[in-house]
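Undergrad: fold the stuff below for me.
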Amino acid sequence: MNLYRKLRNIAWRASMKGLPRGPHLSRYSMYNRLAEVGKTLPKHGRVLSISRSANVCDVMGLEPAEIVPADFPEHNMLALRFPDNAFDYVISDQVLEHVEGSPFDAVKECKRVLKPGGLAIHTTCFINPIHEAPADFWRFSPYALKLLHRDWSEILEVGGWGNIDVWSAEQDGVRYTAVPHAKWHPFHKLAIRNTEEWPMHVWVIARK
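TA: Below you'll find the predicted structure:
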């Protein structure tokens with residue numbers, strides 16, 4: 001990071017000191033939207049959390065009777081070791097881009113293990129740097145998420161968030177900095193501004 005970017009990093013952080021804050025920059029708007037949708041969904045049930053995605057239950061205000069973890073590499077989203085019709089929710093948070101195989105097959109597996117009327121909640125990325133966890137294979141537009149769920153009974157929500165100015169903040173080293181809730185703050189304004197052509201992260205909620 002050059003001197004100019006280091007100074008911007010210091011200025012960003014100093015300006016937010018002491019302010020109540022929420023999720024970091026690349027999650028703030030997405031999680032706020034999921035929280036709103038969560039108010040309309042059933043609170044209870046059995047949840048399959050794929051690769052450490054249980055945090056989405058808290059984000060959406062769900063109160064599951066049970067959260068069953070299915071973490072990589074012990075579990076593979078392409079071949080879930082669970083019976084048919086076993087869960088009320090299947091949740092994956094920033095997982096689909098790491099599936100080493102067909103995303104259609106991964107979504108089909110999620111559908112298989114859901115009860116009739118059960119819900120899948122997936123978040124993933126579109127315009128994003130390559131990131132190893134352990135490897136990075138796919139990118140999804142909102143249209144792609146619709147396509148993956150085209151034979152489901154209902155798509156309740158599909159959306160995306162991002163804007164071109166996020167990438168300047170990325171170079172300042174503050175992408176993973178928690179966003180202040182203060183609406184007047186420039187970092188908050190950056191976190192909530194959305195340009196449809198520049199989605200960084202995307203999400204879908206679909207009913208079996």
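Undergrad: what's the longest helix in this protein?
TA: Longest helix in the chain by number of residues, with DSSP state H as the criterion: helix 3-16.
Undergrad: where's the residue nearest the centre of the chain relative to Arg13, distance?
TA: In the chain, the residue lying closest to the centroid (CA atoms, centre = their mean) is Thr123, at 3.2 Å. In this view, Thr123 and Arg13 are 26 Å apart by CB to CB, to the nearest Å. C-beta here means a position set from N, CA and C on the backbone, and glycine is covered the same way.
Undergrad: still on that earlier bit, mind listing what the strand or helix carrying the residue nearest to the centre of the chain pairs with, with the direction of each?
TA: Here Thr123 sits within strand 114-125, counting by DSSP states H and E. With DSSP bridges as the test, strand 114-125 is paired with strand 87-93 (parallel), strand 201-207 (antiparallel).
Undergrad: deepest in the core, which of those strands is it.
TA: Most buried of the strands paired with strand 114-125, by mean neighbour count (mean count of other CB atoms under 10 Å): strand 87-93, with a mean of 26.
Undergrad: looking at it now, give me its mean pLDDT.
TA: What strand 87-93 shows for mean pLDDT is 98.
Undergrad: for it, the distance to its chain's centre please.
TA: Computed by CA atoms, centre = their mean, to the nearest Å, the chain-centroid distance of strand 87-93 equals 12 Å.
Undergrad: ok, now stretch 23-36?
TA: Chain-centre distance of stretch 23-36: 8 Å, with CA atoms, centre = their mean.
Undergrad: also stretch 119-139?
TA: 9 Å.
Undergrad: cool, stretch 13-32 as well?
TA: Worked out by CA atoms, centre = their mean, stretch 13-32 lies 16 Å from the chain centre.
Undergrad: what about the strands in this protein?
TA: 21-24, 46-50, 66-70, 87-93, 114-125, 154-161, 178-180, 201-207 (DSSP state E).
Undergrad: picking that back up, and the longest helix of the chain, average pLDDT?
TA: For helix 3-16, the mean confidence score works out to 93.
Undergrad: pull the number of nearby residues for Ser29.
TA: By the criterion of other CB atoms under 10 Å, Ser29 has 23 neighbours.
Undergrad: where's the residue nearest to it when sequence neighbours are not counted relative to Gly173, distance?
TA: Distances taken as CB to CB, 6 or more residues apart in numbering put Trp161 closest to Ser29, at 4.3 Å, once the chain neighbours are dropped. Using CB to CB, one obtains 20 Å as the distance from Trp161 to Gly173.
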